[in-house]
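A.B. asks: Show me the folded form of this:
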Amino acid sequence: MPQDRDDITQLLAEWSAGDEAAGERLLPLVYAQLHAIASRYMRDEHSAATLQPTALINEAYLRLVGSEVHWESRRHFLAIAARTMRRVLVDHARARKRDKRGGNLVAVTLDDPAGPEHANPIDVIAVDVALEELAALDERKARAIELHYFAGLDYDEVARVLGVSTPTVTRDLRFARSWMYDRLSEE
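C.D. replies: Numbers count the residues shown, from 1 in each chain. The predicted structure is shown next:
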């Protein structure tokens, strides 16, 4: 895996420098990680929803290919990919809601990836709005939630991405989980 991480970082650098072939070689190396992120987003999706994890990955990857991001590392790529997937899901949910007045919303949960899997589903639009509100209050805590729960980074990886200590990430996530729970409970 460390060699794969180095390969991914190298391919990201080449892709950022304009080598489109590097982007094509990158996808097979990161596909499993992207699928894991997509699966976390879709975990408690209502059965009537039409977007599948593979479609989510494809749409997000197309958006990433069209972006002009200078990729710093594998963690940076996964963080941006998770945010892009969230945007795809929000766009999809809004379109469905427009199409079906009050229609079925894509659901996600704020479970710890290692924790219980039987939480009440929450609609993706409400999660997005709550994350945006949290970001307005404290951008780092919102990013910590996104990186840990949606990108699947562990506490140490989140700390490196955010440039803070692991205990700070622990405190940030404890606060952010509580804040998000309270905010989403109001819905």
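
A.B. asks: looking at this protein, which helix or strand is least sure?
C.D. replies: strand 107-108 (a mean of 50; mean pLDDT, DSSP states H and E).

A.B. asks: In the helix ranked longest in the chain, which residues are buried?
C.D. replies: Using DSSP state H to define each element, the chain has its longest helix at helix 74-99. The neighbour-count check on helix 74-99 (16 or more other Cβ atoms under 10 Å) flags 74-75, 77-86, 88-90, 92-93, 96 as buried. Just so you know, the C-beta spots here come from the backbone N, C-alpha and C atoms, and that holds for glycine as well.

A.B. asks: cool, and stretch 15-31?
C.D. replies: 15-16, 22-23, 25-26, 30.

A.B. asks: now the spatially most central residue of the chain: how far from D154?
C.D. replies: Note on the chain: the residue nearest the mean C-alpha position is A82, at 2.4 Å, using Cα atoms, centre = their mean. Distance of A82 to D154, given as Cβ to Cβ, to the nearest Å: 14 Å.

A.B. asks: and if you look at L12?
C.D. replies: 20 Å.

A.B. asks: more crowded one of the two?
C.D. replies: L12 (23 against 13; other Cβ atoms under 10 Å).

A.B. asks: Nearest spatial neighbour of the more buried one, chain-adjacent residues omitted?
C.D. replies: Nearest residue to L12, sequence neighbours excluded (Cβ to Cβ, 6 or more residues apart in numbering): W71, at 3.6 Å.

A.B. asks: which phi and psi does that neighbour have?
C.D. replies: The phi and psi values for W71, taken as degrees, to the nearest 10, are phi -70, psi 130.

A.B. asks: neighbours around it, how many?
C.D. replies: Other residues close to W71 by other Cβ under 10 Å number 21.

A.B. asks: Identify the residues contacting E139.
C.D. replies: Applying Cβ atoms under 8 Å, 6 or more residues apart in numbering to E139 gives no contacts.
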